[in-house]
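Asker: Need the 3D shape of this:
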Amino acid sequence: MYEQTSQKLELLPIVFHALSDPIRLNILDILNNQEMCVGNICDLLSIKQSKVSFHLKILKESGFVETRQQGRCIYYRLNQSQFNILREYVDKCQKPSLINNYHLQYVSA
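Answerer: Next comes the predicted model:
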């Protein structure tokens, strides 16, 4: 159990980096409604394909998007499991840990 949590924590810098750019957040918002190919994303954002492809690569490496190929087009869609991992981490950070409870109860007194 600890090993799985540790592996997830190692990915957090990559995850937060992926979420740190407004263009990537816009792409995630677009993909929230449906899967889409690069060309359509470019049209919606009015950004060149090379720039959109760069941002999609980061989102894919961070696990936020998955791909499928159909003919010559690659379609991108959200990977909900990665968002669930992030949600678990944020939820965990909002709950005081046993160590913090001990510190507040015995050390601060």
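
Asker: Let me know the pLDDT of the residue positioned nearest the centre of the chain.
Answerer: Residue closest to the mean C-alpha point of the chain, counted by Cα atoms, centre = their mean, is residue 64 at 4.2 Å. With respect to pLDDT, residue 64 scores 92.

Asker: Check the gap between it and residue 72 for me.
Answerer: Distance from residue 64 to residue 72, counting by Cβ to Cβ, to the nearest Å: 24 Å. Where you see a C-beta, it was placed from the backbone N, CA and C, and this is true even at glycine.

Asker: Please apply the same query to residue 15.
Answerer: 30 Å.

Asker: Next: residue 48.
Answerer: 19 Å.

Asker: which of these two has more neighbours?
Answerer: residue 48 (10 against 6; other Cβ atoms under 10 Å).

Asker: Could you look up the SS state of residue 24?
Answerer: helix (DSSP: H, G, I helix; E, B strand; the rest coil).

Asker: ok, it - how many residues close by?
Answerer: Number of residues near residue 24 (other Cβ under 10 Å) recorded here: 21.

Asker: Tell me where the model's unsure across the protein.
Answerer: 1-9, 95-109 (pLDDT under 70).

Asker: change it to 50
Answerer: 1-3, 102, 107-108 (pLDDT under 50).

Asker: tally of neighbours for the closest residue in space to residue 45 that isn't next to it in sequence?
Answerer: Among residues not flanking residue 45 along the chain, residue 26 sits closest, at 6.0 Å (Cβ to Cβ, 6 or more residues apart in numbering). Per other Cβ under 10 Å, the neighbour tally for residue 26 reads 16.
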